[in-house]
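J.: how does the following fold in three dimensions:
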Amino acid sequence: MTRKCSKCNADIDDTAQFCPNCGMKCETSKDWICDDCQAENSAEANFCKQCGKSINASTEKGKFRKWWSSPYAKYGIGLIVLMIVATLGSYYYFNFVSESHYLAQYAEVSRKIETANDLLTSNIKPDTLTVDKTADLQKQFQEQKNEIDSIEKEFSHSHPLPKYTDQHKNLINLLNKESSILEETGLVITKPLDNGTDEVINSLKDNIDEAKSLAGQIQVPNTDFVLANDMSVLPHHLTLFVEEQRRINKEKLDRLAMMNTFFQKTDAIIQRYDGAKTDLSGLLGNLRNGGYTWFDYFQVLREARSFRLGIRNEIDRLNAPKGTESLKRQFSEVLTASLQYCDQMNAAAQIEFQSGLPAAQKKYTETKAINTKVQSSYADFTNNYQAEKARLTNINNL
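T.: Residues are numbered from 1 along each chain as shown. Now for the predicted structure:
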């Protein structure tokens, strides 16, 4: 029997191992078993001898069964299943898990904004905001601002889910507005007297209005971005605080002007007093040595007393602002003691003029004690005066 070469279609003997025409190795024909009825058929048969099944159909099915039972089929099917699972998993993640995580970030941002606004509204009130609290409040506002800025930076560098593009953009803008609100509030409470404070408050008012508008545009599931109504009155409360600080400062400036006037006038009086001091004891010595007459000496005493009396009257008439009354009184007491010294010197000189020095010696001793007291009291006054002048002409102490 012969068969055809699979390459050149030449007739080949069944026993040949190679084609005599082209040298192609010949395939050995094998019997085949029908996949339907399991009947054994010869290699030459094209149809099953028992059920009539075509050899081609049976062979293809057999190849499929052979492939199905091979390890490659298992690996291939596993790979296909893995790809399907991965595809479904990705779809689930990006449409459910990723969205859930993304919206959780919105909820966290909402809580952070609410915390910052609560800090503002609970502390910026006429009955709670005082100057001694401003430094600590400004520090807290800065800490909140730093956190808001950090969150804004994260959102600016992240990609939103397609259906939240507008919300993502609005949230970034809202975070920027919140940062500005915290910064501007801190500026107002720490520098209420600056020339630009009114402009800062107006800017703050605009930022709050814009923040409220942006918050209303952010519509995401399970999270509300609604600014508290108290935020709207924040600029008004800050305005009241600024006006109060300006009133206080004006009072301080007015008082400072009064202090400066008082000390300028007192300085002039002190300078005249220091420049007109007379060494009455020295003059008395000159008198005894023939340098003066008693008439000249008594004239000097009268002038010295008249000068001290005039200085005291000027001090007594001087308007002393609150806080300087003790200085005025202390200087007046020194001048009163100085008048007593003049009177004692005159009395002693009268005794010496009429009865001689031994008779006046006791009175001169008393006069010397009075003079020592006057000099000590005047030194205490000048030291106290300079210290109080430095303190009361500093506006921060008024």
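J.: for the closest residue to residue 107 other than its chain neighbours, which residues count as its bridge partners?
T.: Closest residue to residue 107 apart from its sequence neighbours, by CB to CB, 6 or more residues apart in numbering: residue 223 at 4.7 Å. Quick note: C-beta positions are derived from backbone N, CA and C, even for glycine. On the basis of DSSP bridges, residue 223 is bridged to residue 220.
J.: pLDDT weak spots in the stretch 51-200 of the chain?
T.: 55-97 (pLDDT under 70).
J.: where does the residue nearest to residue 107 land on pLDDT?
T.: Per-residue pLDDT puts residue 223 at 89.
J.: quick check: it vs residue 150, distance?
T.: To residue 150, residue 223 is 19 Å away according to CB to CB, to the nearest Å.
J.: ok, back up a step: dump the residue contacts of the residue nearest to residue 107.
T.: 103, 106-107, 110 (CB atoms under 8 Å, 6 or more residues apart in numbering).
J.: swap the cut-off to 6 Å and go again
T.: 106-107, 110 (CB atoms under 6 Å, 6 or more residues apart in numbering).
J.: could you give me the ChimeraX syntax to select whichever of these are buried?
T.: Of these, the buried ones can be selected in ChimeraX as follows, counting by 16 or more other CB atoms under 10 Å:
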select :106,110
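J.: could you dump the contacts of residue 223 to TSV with distance to residue 351?
T.: Converted to TSV, the contacts of residue 223 look like this (distance: CB to CB, whole Å):
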residue	distance to residue 351
106	103
107	102
110	98
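J.: tell me the buried residues in the helix or strand encompassing residue 283?
T.: With elements taken from DSSP states H and E, the one containing residue 283 is helix 280-288. By neighbour count on 16+ other CB under 10 Å, the buried set for helix 280-288 is 280, 283-284, 287.
J.: list just the nearest of the residues you listed to residue 360.
T.: residue 284 (10.1 Å; CB to CB).
J.: just to revisit the earlier point, helices - which of the contacts of residue 223 land there?
T.: Judged by DSSP state H, those include 106-107, 110 as members of helices.
J.: ok, so of those, who is nearest residue 274?
T.: For the ones in helices among the contacts of residue 223, the nearest to residue 274 is residue 110 (73.5 Å; CB to CB).
J.: need the contact list for that closest one.
T.: 223, 225.
J.: which elements pack onto the helix or strand encompassing residue 360?
T.: Using DSSP H and E, the element containing residue 360 is helix 357-392. Helix 357-392 sits against helix 325-355, with contacts defined as 3 or more CB pairs under 6 Å, 6 or more residues apart in numbering; DSSP states H and E.
J.: and the helix it packs on with helix 357-392, angle?
T.: 170 degrees (axes from the mean of the first three to the mean of the last three CA atoms, to 10 degrees).
J.: same for helix 325-355, what does it pack against?
T.: Going by 3+ CB pairs under 6 Å, 6+ apart, helix 325-355 lies up against helix 294-317, helix 357-392.
J.: coming back round to it: what does the helix holding residue 283 contact?
T.: Applying CB under 6 Å, 6+ apart, the set of residues contacting helix 280-288 from outside is 292, 297, 300, 345.
J.: what is the neighbour count of residue 162?
T.: Residues lying near residue 162 (other CB atoms under 10 Å) number 7.
J.: contacts only, for it.
T.: With the criterion set at CB under 6 Å, 6+ apart, residue 162 makes contact with nothing.
J.: can I get the helix holding residue 283 as PDB, trimmed to CA atoms?
T.: Only the C-alpha atoms of helix 280-288 are listed here, as PDB (Å, rounded to 0.1, in the frame of the first residue of the first chain):
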ATOM      1  CA  LEU A 280      24.400 131.000 103.700                       C
ATOM      2  CA  SER A 281      27.000 129.600 106.100                       C
ATOM      3  CA  GLY A 282      29.800 130.600 103.700                       C
ATOM      4  CA  LEU A 283      28.300 134.100 103.400                       C
ATOM      5  CA  LEU A 284      28.200 134.300 107.200                       C
ATOM      6  CA  GLY A 285      31.900 133.500 107.400                       C
ATOM      7  CA  ASN A 286      32.700 136.200 104.900                       C
ATOM      8  CA  LEU A 287      30.600 138.600 106.900                       C
ATOM      9  CA  ARG A 288      32.700 137.800 110.000                       C
END
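J.: now the helices and strands packed on helix 325-355 in a markdown table, with mean pLDDT?
T.: As requested, these are arranged in a markdown table below (pLDDT from 0 to 100):
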| stretch | mean pLDDT |
| --- | --- |
| helix 294-317 | 94 |
| helix 357-392 | 95 |
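J.: ok now stretch 45-56, how far from the chain's centre?
T.: 92 Å (CA atoms, centre = their mean, to the nearest Å).
J.: same question, stretch 120-136
T.: Distance of stretch 120-136 from the chain centroid (CA atoms, centre = their mean) equals 14 Å.
J.: repeat that for stretch 371-386.
T.: Going by CA atoms, centre = their mean, where stretch 371-386 is centred and where its chain is centred differ by 51 Å.
J.: how about that stretch: buried residues?
T.: Per 16+ other CB under 10 Å, stretch 371-386 contains these buried residues: 371, 374, 377-378, 381, 385.
J.: tell me, what residue is most central in the protein?
T.: Centrality entry for the chain: nearest residue to the mean C-alpha point is residue 142, 1.5 Å, by CA atoms, centre = their mean.
J.: quick check: that one vs residue 116, distance?
T.: Residue 142 is 11 Å from residue 116, by CB to CB.
J.: same deal with residue 51?
T.: From residue 51 over to residue 116 (counting by CB to CB), the distance is 85 Å.
J.: on that earlier part again, ok, the buried residues of stretch 371-386 vs residue 184, which is closest?
T.: When the buried residues of stretch 371-386 are compared for distance to residue 184 (CB to CB), residue 385 comes out closest, at 45.4 Å.
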